[in-house]
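1. Here is my input; please provide its structure:
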Amino acid sequence: MKYILLIIAPFLCYSQTVWTGPLMTFTKQNYDSPSSENSQDRITDLVWLTRGNRNVLYNAKTESSASAYSSPADTEWAEGNTNNLTGLVFSNFKSAAPQNIGSANILGMVGKNYVLHLITEDI
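-> The predicted structure is shown next:
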C-alpha cells in the first residue's frame, strides 16, 4: 500500500491587497473625543485611526492612547505613493515623519502623501 503525503503551505499562496481607490485624507477636529466613532477613521475592522490632542495617531481599536513609537498599532508607514510601492521603506508612524533635530516632526507630515500598510490584514 502506498501513501502520499500532501502538505498545503498557506504561506506559499501569499497575496497582498493593494488599495486602488482614491486618495484618502484623515481628519479630526481639535478637542473632539477620540473615543467617538465620528472622530475615528475606521479603515477596516482592525484599524481605527484617530488622534488625541497631541497630534499623534493611534489605533482606537486596540489602543486607548498613543504610545511613544509603536502607535498606531498594527500599521507601518512610508512617504510616497503606491506607484512606487516596491521602492518604499516602511516604518512606524513617528519614524516615517520628517526628522527635526533628532525628533519626529509630526506636523511636517501634513500635506505629504504616505502609504499605510495594515500589517495583520496585509493591505
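2. C-alpha from now on. contacts and neighbour counts both.
-> Fine.
3. list the contacts for the residue most central in space within the chain?
-> Geometric centre of the chain, nearest residue: Thr75, 3.3 Å, by C-alpha atoms, centre = their mean. When contacts are counted by C-alpha atoms under 8 Å, 6 or more residues apart in numbering, Thr75 is found next to 92-93, 116-119.
4. Give me the phi and psi for it.
-> Main-chain dihedrals, Thr75, degrees, to the nearest 10: phi -130, psi 160.
5. what do you get for Asp41?
-> Main-chain torsions, Asp41, degrees, to the nearest 10: phi -100, psi 100.
6. Apart from its chain neighbours, what residue comes closest to Asn81?
-> Nearest residue to Asn81 in three dimensions, chain neighbours excluded: Val115, at 5.7 Å (C-alpha to C-alpha, 6 or more residues apart in numbering).
7. hang on, the earlier thing: pick out whichever of the contacts of Thr75 sits closest to Tyr58.
-> Nearest to Tyr58 among those is Phe93, at 9.2 Å by C-alpha to C-alpha.
8. Now for the closest one: which residues touch it?
-> 57, 69-72, 75-77.
9. Mark which of the residues you listed are part of strands, please.
-> Among those, DSSP state E puts 57, 75-77 in strands.
10. Got a PyMOL select line for the buried ones in those?
-> Listed next is the PyMOL selection for buried residues among these, using 16 or more other C-alpha atoms under 10 Å:
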select buried, resi 57+75+76+77
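11. can you tell me how far the residue nearest to Ser70 when sequence neighbours are not counted sits from Asn100?
-> Once flanking residues are discounted, Ser70 sits nearest to Asn92: 6.3 Å by C-alpha to C-alpha, 6+ apart. Separation of Asn92 from Asn100 (C-alpha to C-alpha, to the nearest Å) stands at 17 Å.
12. So which of these two has more stuff around it?
-> Counted by other C-alpha atoms under 10 Å, Asn92 and Asn100 do not tie: Asn92 has more neighbours, with 19 against 10.
13. doesn't Asp74 make contact with that one?
-> No: with contact defined as C-alpha atoms under 8 Å, Asn92 does not count as touching Asp74 (9.3 Å).
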